[in-house]
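Asker: The following comprises the amino acid sequence and a computationally predicted model.
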Amino acid sequence: MGFLWKRLSDMSFGGIVGFVAVVLVAGVSLFAWGARWVNTAPKQCASCHPELTAMWKRSHGHPSGQVTCHECHAEHQQAPVGPNLAAYARDAFIPEKYLSTDRRIEARCESCHKDMRKADKEKRQIIKINHKVHLSPLADARGTVVTLTCLACHRSIAHDKAQLETNRPRMAGCFAGECHRKDRNKDNCLRCHYQQLVEPEPKML
């Protein structure tokens, strides 16, 4: 300690100012990195949500190696405009205010999947899903206009609690309510699937 004090006493005023500035910058940087680790480390989330964290780690749609908790659940400020610049920088580096509400998650979906509203077919041939049609306002059998959201079909995208996990919509959901009423038969599989998964019933002569 005496050595440090001697060195400081031998410095010029400018040198002392520079030394203090370096210490402050280093201290703030260490604090910021520490706060970021505390707010984004999956281990922190797992301490309270071990089951959900396990589901997320084995997810096929949003695996732990590609998507982190804060990308879907933390509050995100909009692009910086005027005085929002400081809040934007803070939230970008130290995400906080985690929620799992539909409004929060839905807002994050399109930040990564920007072109889904224009997509008329899947990139991978698994099931035939026309996002452009499903995400546009639709009229049901009663004439009521319905607007679907991403979570209407992909609610279990990262935390699927079903015994047979999937990150895609289930038939039970597609046929729920007034949706796809005309397609509820075993002979119409190819409407949504690329392969006939169930033997069609023989037609009576």
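Answerer: Arrived safely. Numbers count the residues shown, from 1 in each chain.
Asker: wait, doesn't Thr147 sit right on Pro137?
Answerer: Yes: contact criterion C-beta atoms under 8 Å: Thr147 and Pro137 qualify, at 5.0 Å. Yep, even glycine has a C-beta here, placed from its N, CA and C like the rest.
Asker: my guess is Tyr88 is in a helix, correct?
Answerer: Yes: according to DSSP: H, G, I helix; E, B strand; the rest coil, Tyr88 belongs to a helix.
Asker: how many neighbours does it have?
Answerer: 15 (other C-beta atoms under 10 Å).
Asker: Equivalent analysis for Lys128, please.
Answerer: Residues lying near Lys128 (other C-beta under 10 Å) number 13.
Asker: what's the residue nearest to it when sequence neighbours are not counted in contact with, if anything?
Answerer: Once flanking residues are discounted, Lys128 sits nearest to Cys192: 5.3 Å by C-beta to C-beta, 6 or more residues apart in numbering. With contact taken as C-beta atoms under 8 Å, 6 or more residues apart in numbering, Cys192 is in contact with 127-129, 174, 183.
Asker: Return a PyMOL selection command for the buried portion of these.
Answerer: This is the PyMOL syntax for the buried subset of the contacts of Cys192, where burial follows 16 or more other C-beta atoms under 10 Å:
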select buried, resi 129+174
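Asker: of the contacts of Cys192, closest to Ser156?
Answerer: Nearest to Ser156, judged by C-beta to C-beta, of the contacts of Cys192 is Cys174 at 14.1 Å.
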